[in-house]
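Undergrad: with the input below, show me the fold.
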Amino acid sequence: MHTQKQNQFIGPQDGYLFAEGTHSRLYERLGCHLRATGGADFAVWAPNAESVSVIGDWNGWSAEVDLLESRGELGIWQGHAPDAAPGQAYKYRIRSRHGGWQVDKADPFAFCAELPPATASRIWTLDYAWSDREWMSARAPKNALDAPMSVYELHLGSWRRKEGRFFGYRELAHELADYVTEMGFTHVELMPVTEHPFYGSWGYQTTGYFAPTARFGTPQDFMYFVDHLHQRGIGVLLDWVPSHFPTDEHGLGYFDGTHLYEHADPRQGFHPEWNSSIFNYGRNEVRSFLISSALFWLDKYHLDGLRVDAVASMLYLDYARQHGGWIPNRYGGRENLEAVEFLQTLNRAVYREHPDTLTIAEESTAWPRVSRPTDMDGLGFGMKWNMGWMHDSLAYMKEDAVHRKYHHHKLTFSLVYAFNENFVLPLSHDEVVHGKGSLLNKMPGDAWQQFANLRALLGFMWGHPGKKLLFMGGEFGQRREWNHDDELEWWVAALEGHAGLQRFVKELNRVYRATPALHQLDFSATGFEWVAADDADRSVFAFLRKPRDGGAPLLVVSNMTPVPRTNYLLGVPAPGFWRELVNSDAGEFGGAGWGNLGGIESAPVRAHGRMHSVCLTLPPLSTLFLEHTPHG
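TA: Okay, the predicted model is just below:
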């Protein structure tokens, strides 16, 4: 039996912050840490345990060898295992003081896990020689609110495969960097790579809050992945899930014979929609655990931001619950006040310690001030996904063109609230699964019209205020619905229509990044002005995007019917030449080639309350960008 006294790495200040719910670096204190002199130190929070021991490869998985000692006042058990070595598997054997309940648990703070379906933790270090100093020192303006942000969302297990097997992190790094650079996206967003037992959860049922999934390699392999993308000038965002966790026995649930991380009452602690457990945000130690997890990925893996999943489910106590199936807050309301406090504390910690990164909320309701500072009573996120825009836009596009005049408001409504938050416009994985079909197959009409519709939608999206996010496969019009068990339909990208769409997205990204009017004032009403918002009969939408400091505006025009519109008069704010910067109907993109011969001169003819106008040809099912050039 090893009872060697080990270093007291849980100091008084750590204990205070842990108990207060504000500790942001618990990964340096709890979990497994190798000693330079040999062996490893272990520490785990299990306040209701009667005994805790480390069982692993080095001790024959015996609970009698490496016993941990209790730090009673904190509920932490710690000890030293002199024979433990790097790479070995281990768990904690926890015997509860409640009824002799006993279980073997993975380490909540493990840096590495066994390859699923195995469930043990692995002893690991996070040593790595980073080569992304140039990116890290200059990334603040690239992640700023006035920067162009075009995000490619992907699932690592199904983006590309090699002879049916997963690519590793290192292989993916090169393949993905080449592709994203070619396509012109500024960032990638990874569906969760935090370790998860069930591959079909896509990572959203997390057990390893400090471990990248072993399916694609080691922690160092994932560091290489981020490092390489940074060296290629690509930001890396990660989906992160503090809203719920799976009930697998080796995970966080009922950790020490009590509901430690989750609420005990199922009306608060069980998620009926996802069959999972809900974190107890009112417990300070749980808040410290989650905040430390968030900061860990930004600190140790150099990530550029976190997209926080399922925020709406955190904010509302009655989320996905029937009447009588939830417990009101202390004021009798449905708002989860403890979750609000947690999210505010989380965002303060992130922006305090990593001010050049981003937090982005996936939040689908009208909760106010999600992306406003906490000192303005906001939740403190940098940005918020505009789920309403995604829903309304796709609902509009699904309509046959002849009926769209009755649904005109679905494309104009988003501008009523566009500047209430710092919005990201997503066309995400949520809309191409569970029988919803692919983006291309949502579009009505024959094959030509489907491609034209999708190009028109993407053009409208890239012109609309807000940062952009597109799920993999949408950029070349994959026909089938996304399947996590197979790679994308890359073979179709070479076919007519698909290849044109892919070239169009590439051109959108190029123009978007090069045109200040399209990104500098995404979150300010001063950067947007309607020209024609009410031409429902012809399903035409026209608006101006404007940069800072009175720079040249950009005119965005969409014609959402298959009927070309000739001699279409639109008022413009200034005389001069309006160059056709983007035309989704261009032949190179698979269009019919209607257009304005590269641009048009304005005329001193009043229209839409303006002294000058342009008389345009609007191609069928198209979006145009026209850039103003004043007369010299």
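Undergrad: what count of nearby residues applies to the residue nearest to Asp248 when sequence neighbours are not counted?
TA: Leaving aside its chain neighbours, Asp248 sits nearest to Pro197 (5.1 Å; criterion: Cβ to Cβ, 6 or more residues apart in numbering). In short, each C-beta sits where N, CA and C put it, glycine included. Neighbours of Pro197 under the rule other Cβ atoms under 10 Å: 21.
Undergrad: does Pro197 belong to a helix, a strand or coil?
TA: On the three-state scheme (DSSP: H, G, I helix; E, B strand; the rest coil), Pro197 is labelled coil.
Undergrad: centre of the chain to stretch 15-25, how far?
TA: Distance, stretch centre to chain centre, for stretch 15-25: 27 Å (Cα atoms, centre = their mean, to the nearest Å).
Undergrad: actually, stretch 610-624.
TA: Centroid displacement of stretch 610-624 relative to its chain, using Cα atoms, centre = their mean, is 35 Å.
Undergrad: pull up the distance across that stretch, start to finish.
TA: Taking Cα to Cα, to the nearest Å, stretch 610-624 runs 20 Å from one end to the other.
Undergrad: state the mean pLDDT of that stretch.
TA: In this model, stretch 610-624 has an average pLDDT of 96.
Undergrad: just the buried positions in it, please.
TA: 612-624 (16 or more other Cβ atoms under 10 Å).
Undergrad: isn't the residue nearest to Asp248 right up against Ala120?
TA: No - the pair Pro197 / Ala120 is not scored as a contact, 11.8 Å apart, by Cβ atoms under 8 Å.
Undergrad: joint contacts of those two?
TA: By Cβ atoms under 8 Å, 6 or more residues apart in numbering, Pro197 and Ala120 have these common neighbours: His250.
Undergrad: ok, Ser243 touching Ile278?
TA: Yes - Ser243 lies in contact with Ile278 (Cβ under 8 Å); the separation is 7.2 Å.
Undergrad: so which of those two has more stuff around it?
TA: Comparing Ser243 with Ile278 by other Cβ under 10 Å, the one with more neighbours is Ser243, at 25 against 22.
Undergrad: distance of the spatially closest residue to His628 that is not a sequence neighbour from Pro630?
TA: Spatial nearest neighbour of His628, chain neighbours left out: Ala552 (4.8 Å); criterion: Cβ to Cβ, 6+ apart. From Ala552 over to Pro630 the distance is 7 Å, taken as Cβ to Cβ, to the nearest Å.
Undergrad: of the two, who's got more company?
TA: In this view Ala552 and Pro630 are compared by other Cβ under 10 Å, and Ala552 has more residues nearby, 16 against 9.
Undergrad: follow-up on the earlier one: nearest to Lys105 among the buried residues of stretch 610-624?
TA: Nearest to Lys105 among the buried residues of stretch 610-624: Thr623, at 53.7 Å, using Cβ to Cβ.
Undergrad: isn't there a helix covering that closest one?
TA: No - counting by three-state DSSP, Thr623 is not found in a helix; it is strand.
Undergrad: burial count for the residue nearest to His484 when sequence neighbours are not counted?
TA: Nearest residue to His484, sequence neighbours excluded (Cβ to Cβ, 6+ apart): Ser158, at 4.9 Å. Ser158 is flanked by 20 other residues according to other Cβ under 10 Å.
Undergrad: give me phi/psi at Ser158?
TA: In terms of degrees, to the nearest 10, the main-chain angles of Ser158 are phi -130, psi 10.
Undergrad: looking at it, it is touching Glu489, isn't it?
TA: No - the pair Ser158 / Glu489 is not scored as a contact, 10.9 Å apart, by Cβ under 8 Å.
Undergrad: could you report the pLDDT at Glu353?
TA: For Glu353, the predicted pLDDT is 97.
Undergrad: check contacts around it.
TA: For Glu353, the contacting residues are 24, 295, 298-299, by Cβ under 8 Å, 6+ apart.
Undergrad: farthest-apart pair in these, please.
TA: Greatest spatial distance among those (Cβ to Cβ): Ser24 and Leu298, at 10.1 Å.
Undergrad: which residue is the nearest non-sequential neighbour of Glu341?
TA: Leaving aside its chain neighbours, Glu341 sits nearest to Tyr281 (7.2 Å; criterion: Cβ to Cβ, 6+ apart).
Undergrad: contacts only, for the closest residue to Ala110 other than its chain neighbours.
TA: Setting aside the residues directly before and after it, Ala110 is nearest to Ser121 in space (Cβ to Cβ, 6+ apart), at 3.5 Å. Going by Cβ under 8 Å, 6+ apart, Ser121 touches 32, 89-91, 106-107, 110, 112-114, 211.
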